[in-house]
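Chemist: Based on what follows, work out the 3D shape:
(chains A, B and C)
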Amino acid sequence: MELTLAELARRLGAELRGDGSIVVHGVAGIREAGPGLVTFLANRRYEEFLAGTRASAVIVPPGTAQVPVAALITPEPYLAFVESLRIFDPGMEETALPGVHPSAVIDPAAEVDPTARIGPFAVVGPGARIGARSVLMAGTYLGPAARLGTDCVLYPRVTVRKETEIGDRVVIHAGAVIGDDGFGFAPDGDGYRKIPQVGHVIIGDDCEIGANTTIDRATIGVTRIGRGCRIDNLVMIAHGVDVGDNTVICAQTGISGSVRVGRHVVIGGQAGVTGHVTIGDGARIGAQGGVTKSIPEGESWSGYPARRHLRASRGYAALRELPEALKRLRQLERRLLALEERAPGGGGDQPA
Amino acid sequence: MELTLAELARRLGAELRGDGSIVVHGVAGIREAGPGLVTFLANRRYEEFLAGTRASAVIVPPGTAQVPVAALITPEPYLAFVESLRIFDPGMEETALPGVHPSAVIDPAAEVDPTARIGPFAVVGPGARIGARSVLMAGTYLGPAARLGTDCVLYPRVTVRKETEIGDRVVIHAGAVIGDDGFGFAPDGDGYRKIPQVGHVIIGDDCEIGANTTIDRATIGVTRIGRGCRIDNLVMIAHGVDVGDNTVICAQTGISGSVRVGRHVVIGGQAGVTGHVTIGDGARIGAQGGVTKSIPEGESWSGYPARRHLRASRGYAALRELPEALKRLRQLERRLLALEERAPGGGGDQPA
Amino acid sequence: MELTLAELARRLGAELRGDGSIVVHGVAGIREAGPGLVTFLANRRYEEFLAGTRASAVIVPPGTAQVPVAALITPEPYLAFVESLRIFDPGMEETALPGVHPSAVIDPAAEVDPTARIGPFAVVGPGARIGARSVLMAGTYLGPAARLGTDCVLYPRVTVRKETEIGDRVVIHAGAVIGDDGFGFAPDGDGYRKIPQVGHVIIGDDCEIGANTTIDRATIGVTRIGRGCRIDNLVMIAHGVDVGDNTVICAQTGISGSVRVGRHVVIGGQAGVTGHVTIGDGARIGAQGGVTKSIPEGESWSGYPARRHLRASRGYAALRELPEALKRLRQLERRLLALEERAPGGGGDQPA
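Modeler: Numbering: from 1, shown residues only, chains lettered A, B, ... in the order given. Sure, this is the predicted structure:
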């Protein structure tokens, strides 16, 4: 594909400085890009290569001086670069074809917007509703009375169990399971009796949920994921958890039952949060952190058991010194004993 | 739905104290419930609200004095409350329709009980057997010679590989994979050669297995899950593991190859157990625990590397004091050196 | 099945010492095997049982003296034993039938080798290519322009997203998701904006990838898995990771974005690697290790935060002594104070 710089600037929402009639056909790194290509400058470390670039144009942040070629000015050059990549090479589109694939099994009591796309081998239960322009790819399952808003994408093999409510513009990656039973049982003789899980899951608008992640329905009430949350792959969200808006949860993290997670929280990969605690708004939890109690707003915690990040770091740094410190402790004991034995009056305050 | 208290008591197996002809139509919390509703008291902390309740009846444990309205007496008020929720609002049923969905692919050499329900896009291999009243929901796969007992439920997208044997009343949640190959290979030149995994998996009666959990077939012999086990989501059980009856394994835990886990063991979330060790009956492993050796019966272990829980806790508590202790150690060294220099004869027992 | 020892030796590639016309029909352990059965000796601990064996033949390593019956000599007796198991009891074959199942949905613009096998409910997108003798089992999804080499096996419910390139002889277990979007987004007002993930995934020849594992596509460029890698279940490989040839990654491990993992690396279960670091060739990472920086070639690291294994082990051993050491430190302080008070001139070098 070929574009003029004027047209590219328009698509990127960037300001153009230079000749808008120049034609470009692709993008490349600042050292590799030649005539006809666009490059970018997102990191000051690469500024030294700017003067020598052979590219036809450079995507730069505002305030960049001395661009020797045409400049596309935007506050986020890296994002504009990635967007350019997609403009010049959109790749194959991956979606379901318009309409309902003839193999899909749609219950007559389901409501499917005519603009929705339903792929092969999808199953939609009675009472389920699918909003405008939403896409269910191959092999997805939407259970009875589940609701899916507008402009959602469910990638292949997603399972959404009954009565789950999903907002608008939600993306759920392949293999994720939303609304399966919470892990609840009570002792019953030698074994256990299942506690029925009569609650459900609500997912807010603009969330993205990773591949093979699982989000359990509540025992009673709701497991809630707020608006704009980003949840990575293989994450486990247990029954009755409440996650605030715009929170980020990295891969393989687990959140136990009834935890309250605030807004704008960031949780690193493989972290775990014990049941019934509260993570305050804006808190951060380090990767592999093991959270055993509530975390106040805005604090960064890490380690196992998790505590304030600076303290945890000091603890782990001290641990590195510990083997040597134990040697020094033994030396001190020997030296002190020697002193005590020679001290006026001898012996002294010995341990019992 | 409306019920008399007499009928509700009968369904809950509770003893009624009060007027059995009172009609109720739902449940609510002790502070919210008004006339026509049933509430419950499971926690002494809420006893103060009992006198003022406006509910028509309260579910209480035996020995609760001064219930101002009708009482439904049961040793487990919380369970009875959840059961009541389901009685008054059963929600949508989520199962496969009776019979075999026309889209399902059932090998002619499979034996499917006529009372079983097979959903759309299910695949059942040659020699597989499915017992009475068992349900395979949409997109499940039951491999060659796999056996499923009676009254089982396989939620959507469950994969059961060949020769797996599953008992009665087993529930397997969406996306779980049972009987895939164990992780076995041997060095072969610069790379590895696969060790064939010729064993299989046996799962006892009354187990529940979580969403996207994986249980590998044995290299030779059997990976066995005992009766009544509760296994949460995203758990990994490796080849040749043997799990005793009524053991509970929380989410994202991993059990390495050939481990023996006893009966009535409880393993917290994200724990890991190294290969070839034995976890004794009734043992408990804390969340995120890293078990590197065998654990005797009935003991609680935690931490990394895991050890007895009390010791591990003391260790972590001590770690919190460590940075300060290192400072005190340095002070002691300075003070001791000063003393040594002033001591009769000076110098003394210095380190080499 | 019955075989002569001569034929069995031929199939195992073993050297036969003894009567090749003896007929055998199965295998068993060294203490259990009787006439007509073959046993094996892989571990010196079992050598004491050799003299008394009633088996018709024993699989032994070279140099084993005094085998009282026929011997099948091979450098890897355990592997030969497992292979024998499969020879005598091949079990049910688990594959798709030859050809394309009539229910599968193959885009007209896909290229499927006529010797490939495509199971029920498989979906193959436009521009996808499937090589000779490859098998897609039930419910697999191969997205647009994805390429699969020869002799691959995709077990049920595998999802391969668009433009993924998979080499020859690759095995992918059930539920794995290859090529889903990387976890990339940028702050945008109160929330986040998705960074398009325009890269893809390349998987080398002879890899094996575990059940429900996820491997994300790169933001730009490639997430690459080298030749001969062994990746276990529930592993997470993030966008832009590069894994060298013949590397082994155990279950539930997570590798963050843009990490470079060398060749012949071995990573234990539940380990985590932070973004943008390099793991040198031949390095080893212990189970549950939390890697926060680059690891040089050939080194073994473990613990959290991970460091050289010997140091980490010494650290954890020292941690065990810490509670007692803190008591000793307090005693030292008391004793030193007592000495100082009695010292000539008194008091001395006290802390401020």
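
Chemist: List the contacts of the residue lying closest to A:L85 once chain neighbours are set aside.
Modeler: Excluding the flanking residues, the one nearest A:L85 by Cβ to Cβ, 6 or more residues apart in numbering or on different chains is C:V198, at 4.9 Å. The C-beta positions use only the backbone N, C-alpha and C, and glycine is treated the same way. By Cβ atoms under 8 Å, 6 or more residues apart in numbering or on different chains, the residues touching C:V198 are A:V82, A:L85, A:R86, A:D89, A:G91, C:T219, C:I220.

Chemist: rerun at 10 Å
Modeler: A:82-86, A:88-91, C:163, C:181-182, C:217-221 (Cβ atoms under 10 Å, 6 or more residues apart in numbering or on different chains).

Chemist: swap in A:V273?
Modeler: A:237-238, A:241, A:249, A:253-256, A:259, A:261, A:267, A:279, A:285, A:289-295, A:306, B:269, B:287.

Chemist: and the residues you listed near chain C, which?
Modeler: Here is what survives when those are matched to chain C using Cβ under 10 Å from any Cβ of the partner chain: A:I249, A:T253, A:G289, A:G290.

Chemist: Reformat the residues you listed as a markdown table; add neighbour count and distance to chain B.
Modeler: Putting those into a markdown table (neighbours: other Cβ atoms under 10 Å in any protein chain shown; distance: Cβ to the nearest Cβ, whole Å) gives the following:
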| residue | neighbour count | distance to chain B |
| --- | --- | --- |
| A:I249 | 30 | 13 |
| A:T253 | 27 | 9 |
| A:G289 | 30 | 9 |
| A:G290 | 26 | 5 |
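
Chemist: Of all pairs in those, which one is the farthest apart?
Modeler: Spanning the widest gap among those are A:I249 and A:G290, at 15.3 Å by Cβ to Cβ.

Chemist: nearest spatial neighbour of A:P196, skipping sequence neighbours?
Modeler: B:R86 (5.0 Å).

Chemist: and if you look at A:S313?
Modeler: A:S302 (7.4 Å).

Chemist: Next one: that neighbour from A:M236, what distance?
Modeler: Shown here: A:S302 relative to A:M236, a distance of 20 Å by Cβ to Cβ, to the nearest Å.

Chemist: Settle it for me: which of these two has more neighbours?
Modeler: More crowded of A:S302 and A:M236, by other Cβ atoms under 10 Å in any protein chain shown: A:M236, with 29 against 26.

Chemist: what pairs with that one across the strands?
Modeler: Note on A:M236: beta-bridge partners A:T214, A:G254, judged by DSSP bridges.

Chemist: correct me, but it touches B:A287?
Modeler: No - contact between A:M236 and B:A287 fails when scored by Cβ atoms under 10 Å: they sit 11.9 Å apart.

Chemist: Now do the shared contacts for these two.
Modeler: With Cβ under 10 Å, 6+ apart, A:M236 and B:A287 have common neighbours A:G254, A:S256, A:G272, B:C250, B:A251, B:Q252, B:G269, B:Q270.

Chemist: In contact with the residue of the stretch 1-150 of chain A found nearest chain C, which residues?
Modeler: Residue nearest to chain C within the stretch 1-150 of chain A: A:M92 (3.5 Å; Cβ to the nearest Cβ). Residues in contact with A:M92 (Cβ under 10 Å, 6+ apart) are C:G125, C:P126, C:G127, C:A128, C:G143, C:P144, C:A145, C:A146, C:K162, C:E163.

Chemist: Without its sequence neighbours, what residue ends up closest to it?
Modeler: Closest to A:M92 by Cβ to Cβ, 6+ apart is C:P144, at 3.5 Å.

Chemist: Roughly how far does A:L319 sit from chain C?
Modeler: 5 Å (Cβ to the nearest Cβ, to the nearest Å).

Chemist: and A:G240, backbone torsions?
Modeler: phi 80, psi 10 (degrees, to the nearest 10).

Chemist: I misspoke; the intended subject was A:S84.
Modeler: Residue torsions, per degrees, to the nearest 10, at A:S84 are phi -60, psi -40.

Chemist: What distance do you get for the residue lying closest to A:G269 once chain neighbours are set aside to A:L234?
Modeler: Leaving out its chain neighbours, the residue that sits closest to A:G269 by Cβ to Cβ, 6+ apart is A:C250, at 4.0 Å. A:C250 sits 10 Å away from A:L234, going by Cβ to Cβ.

Chemist: Counting neighbours, go ahead and name the busier of these two.
Modeler: Set side by side, A:C250 and A:L234 show more neighbours around A:L234, with 30 against 25, by other Cβ under 10 Å.

Chemist: tell me the contacts of that one?
Modeler: A:175-176, A:210-214, A:251-254, A:269-270, B:212, B:233-234, B:252, C:177, C:212-214, C:234-236, C:252, C:254.

Chemist: For A:G175, see how far away A:R161 is.
Modeler: 14 Å.

Chemist: Between these two, point out the one with more neighbours.
Modeler: When neighbours are counted by other Cβ under 10 Å, A:R161 and A:G175 differ, and A:G175 comes out ahead with 32 against 29.

Chemist: ok, and the closest non-adjacent residue to the more buried one?
Modeler: Nearest to A:G175 is A:N212, by Cβ to Cβ, 6+ apart, at 4.1 Å.

Chemist: what's the answer for A:S21, then?
Modeler: Nearest to A:S21 is A:T4, by Cβ to Cβ, 6+ apart, at 5.7 Å.

Chemist: Test my guess that the one you found contacts A:G18.
Modeler: No - applying Cβ under 10 Å as the test, A:T4 and A:G18 come out as separate, 11.4 Å apart.

Chemist: pLDDT below threshold where in chain A?
Modeler: Along chain A, segments meeting pLDDT under 70 span A:344-352.

Chemist: Quick check: longest helix in it by residues?
Modeler: Secondary structure assigned by DSSP state H gives helix A:309-342 as the longest helix of chain A.

Chemist: quick one: buried residues of that helix?
Modeler: A:309, A:312, A:314-316, A:318-323, A:325-326, A:328-329, A:331-333, A:335-336, A:339-340 (16 or more other Cβ atoms under 10 Å in any protein chain shown).

Chemist: Tell me what angle it forms with helix C:309-342.
Modeler: 50 degrees (axes from the mean of the first three to the mean of the last three Cα atoms, to 10 degrees).
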